[in-house]
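Asker: Could you look at this predicted model? Sequence included:
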Amino acid sequence: AAGTLRIVDFPPTHDWTLPRTVLGGQLIFVTLPDWGRARLWRSDGSAAGTEPIADFLGGWDYQWTPPSLIAVGNRVFVGGGDAEHGTELWVSDGTAAGTSMLAEIEPGPSGSSPDGFAFVGSTLYFAATTTEHGRELWALPLPALTVTVLGLGTGTVTSNPGGIACPPVCLTGFLENTPVELTAAARGGSAFTGWSGEGCSGTGICQVVMSQSRNVSATFDRVRGTDTPAIYRASDRSWYLKNSNNGGAADLIFPYGDPLDQAVKGDWDGDGDDTVGIYRDGTFYLRNTNTAGPGEIVFLFGAAGDI
């Protein structure tokens, strides 16, 4: 199809394999150029931007099966290898200089052949083999960064390197001594009022170094605007809303309700904006926007004639 391009022409002996992940907006992948050797690559989607990062020696480990890899934050964990250590746990930042062995689980040239990586919370899990125990489940706990969102408002906290996107992801791990920047962004009807914990304060970027596990809190408070008049006119079943506290024609008119309904208003979804609702024979019908349409929040409360 138009727009589909070949990026790199690998030699026929250069086996493209499935392990691949994304790191910092680049594709990280593995090929098997020949027996017993694996090559780690990075690509930005262009031929010029596709280049090898490191060559690994793994002997029989790489005969048919390429090394596993997983991206965590700003690093890739991979089953890399060399002649001295065999296949062991390696880590890479996407550059040749930033690629090195992280842990030697089975001392000597046989290696532990780590694969099957999974990252949960702040811990990296994988399978590895040792002479003493055989093939077992291993875990590498990383310094954990925990973000807690406080206050009556709403907002999000994200991290650079990535990993935190709170809510919902408010806990992750980073390699020891990784510098991390946290940024807070308030949602509509809220304001970010500041950081607390780990020396962070104010409303700018929170910077922490993951020399140990860290706990940071971000507080968001609701921002109330100026209340302005709203009228429900039963004769035409319509709402008339003003955006200012002065006379003149309504700024917004829309139908919602029946002639015998009781009119109510409130911030039903917590976004800081009041919207309309009606109470009819013991049932509330609430809208999250000041527009016509069916009730978005409907529930029973009270009895006919209340309010």
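Answerer: On my side now, so go ahead. Residues are numbered from 1 along each chain as shown.

Asker: where does this structure have low pLDDT?
Answerer: 1, 3, 5-6, 9-19, 61, 63-64 (pLDDT under 70).

Asker: Surely Trp60 is in a helix?
Answerer: Yes: under DSSP: H, G, I helix; E, B strand; the rest coil, Trp60 sits within a helix.

Asker: Quick check: the residue nearest to it when sequence neighbours are not counted vs Thr291, distance?
Answerer: In space, and not counting its chain neighbours, Trp60 is closest to Gly36: 7.2 Å by C-beta to C-beta, 6 or more residues apart in numbering. In short, each C-beta sits where N, CA and C put it, glycine included. Taking C-beta to C-beta, to the nearest Å as the measure, Gly36 falls 66 Å from Thr291.

Asker: Also His133?
Answerer: 64 Å.

Asker: between these two, which one's more packed in?
Answerer: The neighbour count for His133 versus Thr291, taken as other C-beta atoms under 10 Å, is higher for Thr291 (13 against 10).

Asker: What segments of the stretch 151-300 of the chain are strands?
Answerer: Taking DSSP state E, counting those that start in this stretch as the criterion, the stretch 151-300 of the chain carries its strands at 155-160, 165-166, 171-173, 179-186, 190-196, 206-209, 214-222, 230-233, 238-241, 252-255, 262-266, 275-280, 283-286, 297-300.

Asker: And the ones you listed: which comes nearest Tyr62?
Answerer: strand 171-173 (28.1 Å; C-beta to C-beta).

Asker: which neighbours does the closest one have in its sheet, and in what orientation?
Answerer: strand 144-150 (antiparallel) (DSSP bridges).

Asker: Just the C-alphas of the strand it pairs with, formatted as PDB.
Answerer: Extracted in PDB, the C-alpha atoms of strand 144-150 (Å, rounded to 0.1, in the frame of the first residue of the first chain):
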ATOM      1  CA  ALA A 144      10.000   2.300  43.800                       C
ATOM      2  CA  LEU A 145       8.600   5.700  43.100                       C
ATOM      3  CA  THR A 146       5.100   6.100  44.600                       C
ATOM      4  CA  VAL A 147       2.900   9.100  43.800                       C
ATOM      5  CA  THR A 148      -0.200   9.900  45.900                       C
ATOM      6  CA  VAL A 149      -2.800  12.300  44.600                       C
ATOM      7  CA  LEU A 150      -4.500  14.400  47.400                       C
END
